[in-house]
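>>> Here is my input, please return the structure:
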Amino acid sequence: MTERADSEAPDEQAERIPPRYRWLKRLTILFLVLFVAMAGVRWWWGHHAEQRFQTWLTSARDAGERLFPEDLAAEYGPLPDDANGAYFLKLAVESMTTWPDDMPTSSALLADRQARRDQRQQIAQYVSANQGASALVRMARAQSRADWDVQLTSPMIAVLLPHLATQRELARLTALAALHYHEEGNGAEAVAMLHDLMAIARHVGDGQPFVIGYLVACAIDSLATRTVESCVADLQIADPTAALPGEQRPATRDDVRALIAELLDEQNPREGLQLAFDSERMLELDAAMMLMRGQVGMASLGTGSPRGPLDSLRAAALAPAWKLDAIRMLEHTGQYARAGQAPNWPTARSQMPPPPTAVGPTTPWRVVHMLSSILQCSLGGVLRQHYTTLASRRMAATALAYRLYTIDHGHPPGALSDLVPGYLPAIPRDPFDAADGPIRFNPNAQQPVLYSVGADATDSDGQYRLDSRGNIDRDSGDLPLFLDGDRPHTPPDSQPATAPSTMASSTPASTQAVVDDQQIEEAAGDEKDQQ
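Okay, here's the model as predicted:
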């Protein structure tokens with residue numbers, strides 16, 4: 001009996017454990033196995049991502065690429081005040097007088113010759129009142145470098161560039177003064193002011209990194225080339241000993257030749273573009289590393305504030321994905337930087353990476369591409385603006401050579417080849433021509449133009465389109481420089497422009513214009529506001 005009782009005891013005990021607890025025990029064991037497996041996968045994933053990230057960093061550093069703010073220290077370090085172009089430009093802004101309330105805006109006066117004639121006396125008084133500021137700009141022009149005391153500290157996404165807006169106002173004053181002196185017959189001072197205007201663009205892009213700094217420099221540079229366009233038809237150029245009526249002071253040939261050489265010297269815009277892309281990548285890398293170190297959370301990436309508990313949990317799970325995403329983002333920006341070294345826009349466009357894939361808030365890939373979805377942007381608009389700036393500079397230089405030839409021969413050249421070698425070392429190349437052809441000239445048009453084939457790479461014989469605002473459409477048609485200075489511009493608000501449905505011929509417009517703030521807005525249209 002005892003043996004029988006003992007043999008039945010285990011079965012009785014098993015019956016006392018309900019089936020649901022047996023399943024719970026099995027699920028617990030399964031959960032622990034899965035947890036250990038996931039922890040192993042997470043460890044391998046993290047090790048793999050870290051190894052790839054460090055390999056990328058090492059490879060980039062070995063290639064001599066600029067990745068950290070200290071890489072710029074030797075090139076953009078502190079300068080003594082007497083050798084610092086930025087120092088004099090800041091003083092110039094401080095000494096500027098307030099714009100008169102009874103005058104049209106500076107942009108309106110720059111765009112409209114008749115408005116300048118109507119306000120001739122007021123403009124003369126304003127230019128005279130700002131002679132001190134203009135003298136400081138000239139002192140800045142004499143300096144080869146500029147240090148704006150921009151501190152590239154983490155988070156770089158929060159670094160401010162406070163001098164951009166004020167320097168644009170200084171540039172408008174300088175352009176207006178150049179036009180004023182030109183219209184008063186003082187060609188020498190007008191050309192000197194054009195040199196000053198280009199110096200502002202050069203210094204604004206020197207040491208003020210990031211894409212927005214480069215775009216502002218491009219806008220000021222384009223303001224200079226549009227001012228050349230406004231002046232070149234009747235710019236007075238003569239031997240300094242020539243007798244002229246009244247107080248007219250013509251520009252000398254040496255003055256004009258020096259301006260042509262400066263316009264054809266493209267070292268500054270090319271270096272500025274490289275600095276902009278390098279700084280953009282520094283910003284991306286800085287943000288990624290702050291996230292990886294746990295200094296910030298994804299939600300507070302733009303402010304630099306500490307991350308919260310939820311951010312810590314998210315980082316523990318997804319840090320490897322963010323590291324791999326950072327590599328993709330940094331390589332993407334690096335491709336733009338390399339494309340910017342191409343000799344022309346068609347070549348650069350062929351080397352550009354595809355635009356970043358839009359990642360919506362409900363997209364499954366949002367979690368692994370979260371970093372790039374916040375920071376990465378298409379830089380194609382910036383790259384195209386670079387080549388537009390080069391085209392404008394080359395056409396402005398050619399227009400000045402055209403003016404010199406006309407004065408010497410009593411008639412304009414029949415072809416641009418007539419300018420070589422006496423006035424130009426060679427006909428400048430068109431940066432939008434895939435075949436690397438030259439800047440073009442249509443002497444038979446009712447309104448003679450120099451032109452680039454533009455972004456559509458189609459030679460339309462100098463014809464152009466107007467956009468909905470009444471400005472030259474940069475997306476279709478040619479990019480012209482009007483040798484008579486009569487450029488279409490945005491009409492008054494009371495007379496909104498309508499975009500023509502067919503190609504407009506180069507017919508004269510009623511007023512002149514220079515580039516306005518839309519240039520920056522268009523070029524930066526694809527950029528994220530990071531300042």
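
>>> Going by C-alpha atoms from here, please, whenever you check contacts or count neighbours.
Fine.

>>> wouldn't Q463 be in contact with L481 here?
No: assessed by C-alpha atoms under 8 Å, Q463 is found out of contact with L481, at 11.0 Å.

>>> For the two, indicate the residue with more neighbours.
Between Q463 and L481, counted using other C-alpha atoms under 10 Å, L481 has the larger neighbour count: 27 against 21.

>>> Confirm that that one sits in a strand.
Yes: assessed by DSSP: H, G, I helix; E, B strand; the rest coil, L481 belongs to a strand.

>>> And the residue nearest to L375 when sequence neighbours are not counted, what's its pLDDT?
The shortest distance from L375 to any non-neighbouring residue, by C-alpha to C-alpha, 6 or more residues apart in numbering, is to E284 (6.6 Å). E284 carries a pLDDT value of 90.

>>> got a list of what E284 touches?
With contact taken as C-alpha atoms under 8 Å, 6 or more residues apart in numbering, E284 is in contact with 326, 329-330, 375-376.

>>> On the pLDDT front, check V367 for me.
For V367, pLDDT reads 61.

>>> contact partners of stretch 435-452?
Contact with stretch 435-452 is made by 344, 391, 394-395, 399, 414-416, 427-433, 459, 461-462, 478-484, 506-508, as judged by C-alpha under 8 Å, 6+ apart.

>>> that older thread, closest to T166 out of the contacts of E284?
Of all the contacts of E284, L375 has the smallest distance to T166: 27.1 Å, by C-alpha to C-alpha.

>>> Can you get me a residue count around that closest one?
L375: 22 neighbours (other C-alpha under 10 Å).

>>> Same check on G40?
That count, for G40 with other C-alpha under 10 Å as the rule, works out to 12.

>>> With M329 instead?
For M329, using other C-alpha under 10 Å, the count is 23.

>>> hang on, it packs against Q376?
Yes: counting by C-alpha under 8 Å, Q376 is a contact partner of M329 at 6.4 Å.

>>> Work out the gap between stretch 329-347 and the centre of the chain.
Distance of stretch 329-347 from the chain centroid (C-alpha atoms, centre = their mean, to the nearest Å) equals 14 Å.

>>> go on, stretch 166-181?
The answer for stretch 166-181 is 21 Å, by C-alpha atoms, centre = their mean.

>>> For it, list every residue counted as buried.
167-181 (16 or more other C-alpha atoms under 10 Å).

>>> Quick check: which element contains the closest residue to A133 other than its chain neighbours?
Excluding the flanking residues, the one nearest A133 by C-alpha to C-alpha, 6+ apart is A92, at 4.2 Å. Counting by DSSP states H and E, the element that carries A92 is helix 85-95.

>>> what sits up against the helix or strand harbouring D254?
Secondary structure from DSSP H and E places D254 in helix 253-264. Here helix 253-264 makes contact (C-alpha under 8 Å, 6+ apart) with 188, 191-192, 194-195, 237-239, 393-394, 396-398, 400-401, 404.

>>> Toward the C-terminus, what is the element adjacent to that helix?
helix 267-292.

>>> What residues sit buried inside that next one?
By 16+ other C-alpha under 10 Å, the buried positions in helix 267-292 come out as 269-270, 272-292.

>>> And stretch 463-472, by the same measure?
For stretch 463-472, by 16+ other C-alpha under 10 Å, it's 463-467, 469-472.

>>> which strands and helices sit next to the lengthiest helix in the chain?
Identified as the longest helix of the chain according to DSSP state H is helix 19-62. Counting contacts by 3 or more C-alpha pairs under 8 Å, 6 or more residues apart in numbering; DSSP states H and E, helix 19-62 packs against helix 309-339.

>>> Next up, the contacts around the closest residue to P343 other than its chain neighbours.
Distances taken as C-alpha to C-alpha, 6+ apart place P431 nearest to P343, at 7.0 Å, with adjacent residues excluded. Contacts here follow C-alpha under 8 Å, 6+ apart; on that basis P431 touches 343-345, 387-388, 390-391, 452.

>>> before we move on, back to that, next step: the buried residues of stretch 166-181 restricted to helices.
167-181.

>>> Ends of stretch 420-429, what's the gap?
13 Å (C-alpha to C-alpha, to the nearest Å).

>>> pLDDT of it, averaged?
Per-residue scores along stretch 420-429 average to 97.

>>> what comes up buried for that stretch?
Neighbour count says stretch 420-429 has 423-424, 427-429 buried, by 16+ other C-alpha under 10 Å.

>>> now stretch 446-456
So stretch 446-456, judged by 16+ other C-alpha under 10 Å, has buried residues 447-455.

>>> Pick out the most distant pair among those.
Q447 and A455 (21.9 Å).

>>> hang on, the earlier thing: quick one: the residue nearest to A133 and M139 touch, right?
No: taking contacts as C-alpha under 8 Å, A92 lies outside contact range of M139: 9.8 Å.

>>> Check the ones in helices among the buried residues of stretch 166-181 and tell me the two furthest apart.
Q167 and Y181 (20.9 Å).

>>> State which strand of the chain is the longest.
In the chain, assigned by DSSP state E, the strand with the most residues is strand 472-477.

>>> List the neighbouring strands of it plus their orientation.
strand 464-466 (antiparallel) (DSSP bridges).

>>> shouldn't F210 be in contact with M282?
No: the pair F210 / M282 is not scored as a contact, 9.2 Å apart, by C-alpha under 8 Å.

>>> ranges for the helices of the stretch 351-500 of the chain?
Secondary structure of the stretch 351-500 of the chain (DSSP state H, counting those that start in this stretch): helices at 370-375, 380-409.

>>> I meant the stretch 51-200 of the chain, not that one.
70-73, 85-95, 106-111, 113-118, 120-129, 131-141, 164-183, 187-204.

>>> between these, which one is nearest to V36?
Here helix 70-73 is closest among those (C-alpha to C-alpha), at 42.3 Å.

>>> And the average pLDDT for the closest one is what?
80.

>>> pLDDT weak spots in the stretch 251-400 of the chain?
Within the stretch 251-400 of the chain, the stretches with pLDDT under 70 are 297-312, 314, 356-368.

>>> ugh, wrong one, I meant the stretch 401-531 of the chain
Checking the stretch 401-531 of the chain against pLDDT under 70 turns up 490-531.
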